[in-house]
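>>> What follows is a predicted structure for the sequence shown.
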Amino acid sequence: MSSPKSLAQRLIKGIVIAQAVTLTVWVLIVMVVSPYISYEELAAFSAKQVVASAVEMRDGALVVAQTGDLAEYVQRRPGFAFAVLVAGSPIEGSSPELAGRWATSAAPLPISGQFRFADGLIGYAQQLPWRQSTVTVVTVGNQFRIDDLPVFFQIYLPQFLLMFAPAFLAGAIATQMVVVRALRPLRAASAQAAAVQLSSLTSRLERDSTLPSEIVPLIDAINELLERLDGEIGKQRLFAANAAHELRTPVAVLGARVESLPDGPERIALRRDVMQLSTLVDQLLAAARLENDPAQVNLPVDLVHTTRQVIADMAPLALRDGRNLSFRTRPSAALVLGDCDAIASMVRNVLDNALRVEPVGGTVAVQVTQGEDHFAILVHDHGPGISSEDQAHMFDAFWRKRQDSGAGLGLQISRQIAMAHGGTITCDSRMGAGSTFRISLPFPPAGMS
């Protein structure tokens, strides 16, 4: 599919062409009615070229040959006559009536320019070189016709180009500047539209007096679309939050019933499933809370304390499954701005995934580190690893490595939570060498730590 054409270029091209056509028409009108342009003189200049082209040498003397061009030129102009003078005398082939006038003229006639015969007939004499000699072409009865237009443009086009080209060029440059300036509000509106995200659907494109009236309906339509999207997505978020909230009670009841079961492998497996379900519900609630109230991410949270608390909650189940947990931190405290429950649910999800792939008897290592502008929580397991192809999709909604490994929402929600805090969650994994998940959250602004 061909790329769209630039509106600015189309406007500039159209305006420049319109200016050129208008200027050309205006110049032609001025030239037609101008008292300073003699069309009879232009016709004489054109006739000189036609007559001179018919001069040839014959039997040692110059003559005017009756060429087709000359005969056609004379035929279209009744009353036209010509003579070619050499040393002041007409040569063979000149119009008999004009040659006779020349021979009987009492006074010498000029050899160049306009002149009058004794009876008032206007003639034009023009000298021009012909090989090694000079001839004078005399014409009378000159009449400007359509075939004289080449001479017209030959004489006047360079003059008018010299006169109007600078103004036309300046007009073209000014047109480009005006069009670019006129489209600036449209580019600003495009930038505003491109900046709209799911998290900023409440924003609207600015509608001010700088917008061209032709663009205002489009801006209004986009704002109405954003309003509808905001309303529909708000309903979906509310539904997800209500559903997650309603699920907390049945999950808690289910957990209590699992705890009442006798010890055994089934109870351990059910307890893990209940914890995974509880973690997912907590994540859904945390994500919904952050979307509905972004101010939640402005509360101080100590990542060291939060991570240690999550490990303490999950350690008993990990030990019963034959896995170990280790925790190490370089900073004694890692303060960020965020939602404590949301961050805890994100860490819990990543840690639960690591425990699921950790071999029996192995240890999942958790570490809190400090970078130049962020704190990071690293969770490393010794599982089979994740292929690069799977890593490209593992944070997508409903993606699962195995069909029996959950709903495929945990990591996707974790990424939403990390992004809501201005952070990231990434995975570094190699087949057969385990995986390291890294949750990075930025430092709080200066003065708020």
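Great, that's in hand.
>>> and the protein, what are its domains?
Listed by automatic domain parsing, the domain ranges of the chain are 7-36+152-182, 39-144, 295-442.
>>> and among those domains, the most buried is which?
Mean neighbours per residue, mean count of other CB atoms under 10 Å, is largest over those for domain 295-442, with a mean of 18. Where you see a C-beta, it was placed from the backbone N, CA and C, and this is true even at glycine.
>>> Restricting to C-alpha, output the helix or strand where Val350 lies in CSV.
In this assignment (DSSP states H and E), Val350 forms part of helix 340-357. Provided in CSV are the C-alpha atoms of helix 340-357 (Å, rounded to 0.1, in the frame of the first residue of the first chain):
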residue,chain,number,x,y,z
CYS,A,340,2.3,-2.1,49.3
ASP,A,341,-0.3,-4.8,48.6
ALA,A,342,0.2,-4.5,44.9
ILE,A,343,4.0,-4.8,45.1
ALA,A,344,3.6,-7.8,47.5
SER,A,345,1.2,-9.6,45.2
MET,A,346,3.7,-9.0,42.3
VAL,A,347,6.6,-10.5,44.3
ARG,A,348,4.4,-13.4,45.5
ASN,A,349,3.4,-14.3,42.0
VAL,A,350,7.0,-14.3,40.7
LEU,A,351,8.2,-16.3,43.8
ASP,A,352,5.4,-18.8,43.4
ASN,A,353,6.3,-19.4,39.8
ALA,A,354,9.9,-19.9,40.8
LEU,A,355,9.0,-22.4,43.5
ARG,A,356,6.9,-24.4,41.0
VAL,A,357,9.9,-25.0,38.7
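>>> Show me what that helix packs onto, helices and strands only.
helix 265-292, strand 299-302, helix 303-320, strand 363-370, strand 374-381, helix 410-420, strand 435-442 (3 or more CB pairs under 8 Å, 6 or more residues apart in numbering; DSSP states H and E).
>>> Please compute how far it lies from its chain's middle.
Centre-to-centre, helix 340-357 and its host chain are 42 Å apart (CA atoms, centre = their mean, to the nearest Å).
>>> Could you do stretch 195-210 as well?
19 Å.
>>> So which bits of the lowest-mean-pLDDT helix or strand in the chain are buried?
Lowest mean confidence among the helices and strands of the chain (mean pLDDT, DSSP states H and E): helix 265-292, at a mean of 73. Applying a neighbour-count criterion of 16 or more other CB atoms under 10 Å, one finds 268, 270-272, 274-291 buried in helix 265-292.
>>> Show me what the mean pLDDT comes to for stretch 124-140.
Averaging pLDDT along stretch 124-140 gives 83.
>>> then it to PDB, C-alphas only?
Taking Å, rounded to 0.1, in the frame of the first residue of the first chain, the C-alpha atoms of stretch 124-140 are listed here in PDB:
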ATOM      1  CA  TYR A 124       9.500  48.200 -41.200                       C
ATOM      2  CA  ALA A 125      13.100  47.800 -42.300                       C
ATOM      3  CA  GLN A 126      15.400  45.400 -40.400                       C
ATOM      4  CA  GLN A 127      19.000  44.600 -41.300                       C
ATOM      5  CA  LEU A 128      20.500  41.200 -40.700                       C
ATOM      6  CA  PRO A 129      23.700  39.400 -41.700                       C
ATOM      7  CA  TRP A 130      23.400  36.800 -44.400                       C
ATOM      8  CA  ARG A 131      26.600  34.700 -44.900                       C
ATOM      9  CA  GLN A 132      29.300  37.200 -45.900                       C
ATOM     10  CA  SER A 133      27.000  40.100 -46.700                       C
ATOM     11  CA  THR A 134      24.200  42.100 -45.100                       C
ATOM     12  CA  VAL A 135      20.600  42.200 -46.300                       C
ATOM     13  CA  THR A 136      17.700  44.500 -45.300                       C
ATOM     14  CA  VAL A 137      14.200  43.000 -45.000                       C
ATOM     15  CA  VAL A 138      11.400  45.500 -45.600                       C
ATOM     16  CA  THR A 139       7.800  44.600 -44.800                       C
ATOM     17  CA  VAL A 140       4.500  46.400 -45.000                       C
END
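>>> List of residues touching that stretch?
Contact partners of stretch 124-140, identified using CB atoms under 8 Å, 6 or more residues apart in numbering, comprise 40-41, 44-45, 47-48, 51-52, 55, 57, 62, 79-86, 91, 98, 102, 109-115, 117, 121-123, 142.
>>> Which members of those occur in helices, if any?
In helices, defined here by DSSP state H, the members of these are 40-41, 44-45, 47-48, 51-52, 98, 102.
>>> which one among the residues you listed gets closest to Gly432?
Within the ones in helices among the contacts of stretch 124-140, proximity to Gly432 (CB to CB) peaks at Phe45, which comes in at 94.6 Å.
>>> Distance of the closest one relative to Thr424?
81 Å (CB to CB, to the nearest Å).
>>> try Val350
Applying CB to CB to Val350 and Thr424 gives a distance of 13 Å.
>>> Need the residues touching each of the two.
Ile439.
>>> And Arg330, what's its pLDDT?
85.
>>> hang on, isn't it packed against Gln370?
Yes - at 6.0 Å, Arg330 and Gln370 qualify as touching, with contact defined as CB atoms under 8 Å.
>>> pLDDT (mean, whole number) over the longest helix anywhere in the chain?
In the chain, taking DSSP H as the definition, the longest helix is helix 216-259. For helix 216-259, mean pLDDT rounds to 76.
>>> any low-confidence regions in the stretch 251-400 of the chain?
289-297, 397-400 (pLDDT under 70).
>>> try the stretch 1-150 of the chain
1-3, 31-32, 35, 102-111.
>>> ranges for the strands of it?
55-58, 61-64, 81-86, 89-90, 113-116, 122-130, 133-140 (DSSP state E, counting those that start in this stretch).
>>> helices or strands next to the shortest one in the packing?
Using 3+ CB pairs under 8 Å, 6+ apart as the contact test, the elements touching strand 89-90 are helix 96-104.
>>> how does it look with 10 Å?
strand 81-86, helix 96-104 (3 or more CB pairs under 10 Å, 6 or more residues apart in numbering; DSSP states H and E).
>>> got those as CSV, with distance to Ser190 columns?
Formatted as CSV, the helices and strands packed on strand 89-90 follow (distance: least, CB to CB, whole Å):
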stretch, distance to Ser190
strand 81-86, 69
helix 96-104, 74
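>>> Mind checking those for the one nearest to Arg323?
So among the helices and strands packed on strand 89-90, strand 81-86 is nearest, using CB to CB, at 116.1 Å.
>>> Against which helices or strands is that closest one packed?
helix 39-53, strand 61-64, helix 68-75, strand 89-90, helix 96-104, strand 122-130, strand 133-140.
>>> chain center to the shortest one, what's the gap?
Read that as strand 89-90. 74 Å.
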